[in-house]
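In: fold the following.
(chains A and B)
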Amino acid sequence: MLYRENGQFKSSYRADQQIFPILQDRVFIIAVLALAFVAVPLLASDYLFRAILIPFLIFSLAAVGVNILVGYCGQISLGSGAFMAVGAYGAYNFFARVPGMPLVPALILGGLCATAFGILFGLPSLRVRGLYLAVATLAAQFFADWMFLRIKWFTLDTPSGSVAVSNLQVLGLPLESAVSKYLFCLAVLVVIALLAKNLVRGAIGREWMAIRDMDVAAAVIGIRPMYAKLSAFAVSSFIIGVAGALWAFIYLGAWEPSAFSVDYSFRLLFMVIIGGLGSIMGSFFGAAFIVVLPIALNQFLPVLAGVFGLQISTVGISHAELMIFGALIVWFLIVEPHGLAKLWSTAKQKLQLWPFPH
Amino acid sequence: MAFFLETTFGGLMVGMLYALVALGFVLIFKASGVFNFAQGAMVLFAALAMARFSEWLPQWTGIENRWFANIAAFVLAGLVMFVTAWVIERLVLRHLVNQEGATLLLATLGIAYFIDGLGQTLFGSNIYKIDIGLPKDPIFVFDSLFQGGILINKEDLIAAAIAAALVLALSLFFQKTSTGRALRAVADDHQAAQSIGIPLARIWVIVWCVAGVVALVAGMIWGSKLGVQFSLATVALRALPVVILGGLTSVPGAIIGGLIIGVGEKLSEVYLGPYVGGGIEIWFAYVLALVFLLFRPQGLFGEKIIDRV
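Out: Numbers count the residues shown, from 1 in each chain, chains lettered A, B, ... in the order given. The predicted structure is shown next:
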């Protein structure tokens, strides 16, 4: 009853092709946006912004990028951490070397650097696929790790290789407080997520999905595999690059080459699989899960240990965190292999009939 | 020339050890179609178990004999790996039959996190030693051919010999025993194997056990070379190019791929490294594997991929 599509007739093609054709979806999206833009800044505390909300927004952005490549185009990639690193260092170089470079163009240029890098390391996808490709994309990860550690030009010849940004501002407004950083990340995320949503339901998104479902058949019906695969790599690495630049500029502020390790690639892949492959909405769920879970465990385990009267050292807790994190992921993959997005769509189906199911 | 040969020999020895880790990947992929990212964690886990048991056993039993401690520790660690394999099959793999490759891959990554945490909780997270009495002194060969001969580490030589023996034993096991035949049947076609009465679940436990033992041997050798510490788990990442170079489904491919990668890594580090700032061996291995993949997308010895619509 709450979520009923019946009776919502469309009288023009424009209305039929709009991005959210169902009234309830539009209401829901507007409500979420209002909550995120108005209510959260008023209510949330500084800790909540810095520890949870900003990482969540940035990782959602990166997960959207990974989802385009892995979920929509079917090219399993373990190089996402490298794309983030290239975006971060690209943006940093433009920001630090060009005097008076504003933040937003620097972010976009960083994203474009990541695009070039992504296309380069996407080239093997034309020849190899599946798990072979997953391992091949690890090459990007190790190459980027090495490049930013050993080639000092990228880090402006600082001896330790760590770099920092300061005095960030957007359109003359300083990005100092947690709220302003949150709002900036949120704005970037909303714009890019809308663009991505539109891309994946357009012609190019359909090409990606055709390639994902079966690339030989797609080639037979006239989809160019090279163009489709490389464009997926380009779009995806642009988004991941922007996310990497945001992560470095907004969240970290100062970082070292080891900030973007292979662990990021794994975590991003976790996000899209747990969130749901081939779903923009799922990327948000996955990012929320993976960002919040370690923090929750970190807070919760000492309390639990206290309840049972156990003394656990911090090292013991970090090991227990690893175990619980791993076990939860395995458990989750077993009970819901299609991800949280699947639960979401099941809930919507149930709501269509509620409260009178057959 | 002598230096070149020395580097090549060093590469071959390292390559043999990579092959050992790669073998674990190939065994599991062949039999169950799972790309086991947890292999590195299993190597670390096995090595930790071995190191700690060889330390604890003399304390428990009061027998101060290195041979006894090492052999008993090896057996105990093997038992631990057997239990691990059984639990993984029971709790994880059984529930993930027929899932996509990416899901299985991530499930093994989750297992890797779990085993990393478990191993360090049970056995501690310091750096431990495995002392199986490998001689450390170098030997010189081809004295007559070159000035001063070629330096070879005896330790490496013995390690390579152990690896080769293990490979030989595994190929005999696969070719000559009835279990080995069943394993190959499962690798060829799950359904057909099941329909003629091969118990799939038991085969999976066996193959994970074998992979666990391979991990134990790899962990023992790597551990005695480098010390048992967390970075041992990253050896698996070094072995991944070996697997895709040789082909995911081929045991000989893992060996030859290991040798190619080992030699390529060492030669590139020595001859190319100084020009670009060093430390290139880890990504060079991947690039080398990629170059081979461009010509043979299924790896050197992998099964040919046939596309059907």
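In: can stretch A:136-152 be found next to chain B?
Out: Yes - interface with chain B: stretch A:136-152 contributes A:136, A:138-139, A:142-143, A:145-146, A:149-151 (Cβ under 8 Å from any Cβ of the partner chain). Using the backbone N, CA and C atoms, a C-beta is placed for each residue, glycine as well.
In: list the buried residues in that stretch.
Out: Within stretch A:136-152, the residues scored as buried using 16 or more other Cβ atoms under 10 Å in any protein chain shown are A:136-149.
In: other residues contacting it?
Out: When contacts are defined by Cβ atoms under 8 Å, 6 or more residues apart in numbering or on different chains, stretch A:136-152 is touched by residues A:76-79, A:81-83, A:85-86, A:89, A:117, A:121, A:124-125, A:128, A:154-155, A:158, A:161, A:257-258, A:260-262, A:265, B:237, B:240, B:244, B:276-280, B:282-283, B:286-287, B:289-290, B:293.
In: identify the residues contacting residue 263.
Out: No chain specified, so I'll use chain A. Per Cβ under 8 Å, 6+ apart, neighbours of A:D263: A:G81.
In: let me rephrase: I mean chain B.
Out: B:8, B:11-12, B:15.
In: from chain A, how far out is it?
Out: 19 Å (Cβ to the nearest Cβ, to the nearest Å).
In: any idea which helix or strand carries that residue?
Out: Using DSSP states H and E, B:V263 sits in helix B:251-267.
In: what's the answer for A:F56, then?
Out: Here A:F56 is assigned to helix A:54-66, by DSSP H and E.
In: cool, and A:D263?
Out: Residue-wise, A:D263 maps onto helix A:262-275 under DSSP H and E.
In: what packs against the following helix or strand past that helix?
Out: Note on helix A:262-275: by DSSP H and E, the next helix or strand toward the C-terminus is helix A:280-307. Judged by 3 or more Cβ pairs under 8 Å, 6 or more residues apart in numbering or on different chains; DSSP states H and E, helix A:280-307 is in contact with helix A:54-66, helix A:178-201, helix A:262-275, helix A:314-335, helix A:340-353.
In: can you put those helices in a markdown table and add distance to B:N70 and mean pLDDT?
Out: Listed next are these as a markdown table, based on distance: least, Cβ to Cβ, whole Å; pLDDT from 0 to 100:
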| stretch | distance to B:N70 | mean pLDDT |
| --- | --- | --- |
| helix A:54-66 | 46 | 95 |
| helix A:178-201 | 55 | 93 |
| helix A:262-275 | 34 | 89 |
| helix A:314-335 | 27 | 85 |
| helix A:340-353 | 48 | 87 |
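In: among those helices, which is nearest B:G253?
Out: helix A:262-275 (24.3 Å; Cβ to Cβ).
In: thinking again about what came up before, from the buried residues of stretch A:136-152, which is closest to B:F45?
Out: Distances from B:F45 to the buried residues of stretch A:136-152, taken by Cβ to Cβ, are shortest for A:L138, at 22.1 Å.
In: chain neighbours aside, what residue packs nearest to A:C185?
Out: A:L57 (4.2 Å; Cβ to Cβ, 6 or more residues apart in numbering or on different chains).
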